[in-house]
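S.K.: can't give you the sequence, but here's the structure:
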Ligand SMILES: [Zn+2]
């Protein structure tokens, strides 16, 4: 037997294992964007019609990639259909417009409930006593590669893209945050100087929001963002996409770093 045959077969097998997924992905992205999906975008994503055409086309391409790579499951009797898949994918991919790199590389599964879902977990109270506590949630992001969403709230958020609240933008901002290895309000940035300006802008604004929350003052960003830096980044992302003018006017430093990070300016279409 030719001594080079076995190593040669191994190399061919490895090449195929690496090449086949890429080929399938390229084929999925190259496929035409179904007309029914365009209808879903037009009826469910409030801002879709206002996006400049290059961004619309880019969004469609990202949606095809997202739907090829991520697996959806329905919970509590919900049956996953194209409306659910495309409406979630479109909002998740809004965060990826104009940005290179993999599309949520750690994310594998999206679990969708019909409405708010209840989780029960041990939580410590102010005295340190740990009790099992049940809470109703609209969304949750896991670093292990899963996002959980309540469909009725997803749809409401997609059709109302101006109130500063959007559960998909929020949970997928957490996914971006966790790409750096820990969900701490600082996603992967281009370099050291970016981290410095990021930390300066976000820590100052985070402290301001904490004060607003403590004294129950009105604020542009939801007080939930005062919970911790990770929640602040997620809430700031919702505000950046849905209330960009108010953020640019009243929180210009924060708007600037988010604008640099997301590489888009939502003021162009809102
Ligand atoms: Zn959150």
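M.R.: The structure has been received and is ready for your questions. All figures in this text were calculated on a predicted structure; none of them were measured in a lab. Residues are numbered from 1 along each chain as shown.

S.K.: can we go C-alpha only for contacts and neighbour counts from here?
M.R.: Fine.

S.K.: just the helices in the stretch 101-250 of the chain please.
M.R.: Secondary structure of the stretch 101-250 of the chain (DSSP state H, counting those that start in this stretch): helices located at 151-159, 167-178, 192-214, 229-242, 244-250.

S.K.: any idea of the angle whichever helix or strand comes after the last one forms with helix 192-214?
M.R.: Think helix 244-250. On the C-terminal side of helix 244-250, the nearest following helix or strand under DSSP states H and E is helix 252-262. Helix 252-262 and helix 192-214 are oriented at 130 degrees to each other (axes from the mean of the first three to the mean of the last three Cα atoms, to 10 degrees).

S.K.: now helix 252-262: mean pLDDT?
M.R.: Here helix 252-262 scores 95 as its mean pLDDT.

S.K.: Tell me which residues of it come out buried.
M.R.: Of the residues in helix 252-262, 253-259, 261-262 count as buried by neighbour count, 16 or more other Cα atoms under 10 Å.

S.K.: closest to residue 64 among these?
M.R.: Nearest to residue 64 among these, counting by Cα to Cα, is residue 262 at 20.1 Å.

S.K.: In this structure the closest one contacts residue 96, no?
M.R.: Yes - using Cα atoms under 8 Å, residue 262 is in contact with residue 96, at 7.2 Å.

S.K.: residues contacting residue 147?
M.R.: Contact analysis of residue 147 by Cα atoms under 8 Å, 6 or more residues apart in numbering lists 107, 109-111, 139-141, 171-172.

S.K.: any idea how far it lies from residue 173?
M.R.: The gap separating residue 147 from residue 173 is 11 Å, by Cα to Cα, to the nearest Å.

S.K.: Report the rounded mean pLDDT for the biggest helix by length in the chain.
M.R.: As assigned by DSSP state H, the longest helix anywhere in the chain is helix 5-30. For helix 5-30, the mean pLDDT works out to 83.

S.K.: Repeat that for stretch 112-125.
M.R.: Here the average pLDDT along stretch 112-125 is 89.

S.K.: now do the same end-to-end measure for that stretch.
M.R.: 30 Å.

S.K.: my guess is residue 139 meets residue 166, correct?
M.R.: No - at 10.0 Å, residue 139 and residue 166 do not qualify as touching, with contact defined as Cα under 8 Å.

S.K.: Pick out whichever of the two has more residues nearby.
M.R.: Neighbour count, other Cα atoms under 10 Å: between residue 139 and residue 166, residue 166 has more, with 27 against 23.

S.K.: The more buried one and residue 172: what is the separation?
M.R.: Residue 166 is 10 Å from residue 172, by Cα to Cα.

S.K.: Of the contacts of residue 147, select the buried ones using a PyMOL command.
M.R.: A single PyMOL command selects the buried members of the contacts of residue 147 (16+ other Cα under 10 Å):
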select buried, resi 107+109+110+111+139+140+141+171+172
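
S.K.: Any chance of the contacts of residue 147 in TSV with distance to residue 55 as columns?
M.R.: Compiled in TSV, the contacts of residue 147 are given as follows (distance: Cα to Cα, whole Å):
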residue	distance to residue 55
107	23
109	26
110	24
111	27
139	27
140	28
141	26
171	22
172	19
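
S.K.: Max pairwise distance over the contacts of residue 147: which two?
M.R.: So, those by Cα to Cα: farthest apart are 107 and 139, at 14.7 Å.

S.K.: so what's residue 64 closest to, chain neighbours aside?
M.R.: In space, and not counting its chain neighbours, residue 64 is closest to residue 29: 5.5 Å by Cα to Cα, 6 or more residues apart in numbering.

S.K.: likewise residue 235?
M.R.: residue 225 (5.4 Å).

S.K.: Could you report the distance from that neighbour to residue 260?
M.R.: Taking Cα to Cα, one finds residue 225 at 21 Å from residue 260.

S.K.: Where does residue 67 sit: helix, strand or coil?
M.R.: helix (DSSP: H, G, I helix; E, B strand; the rest coil).
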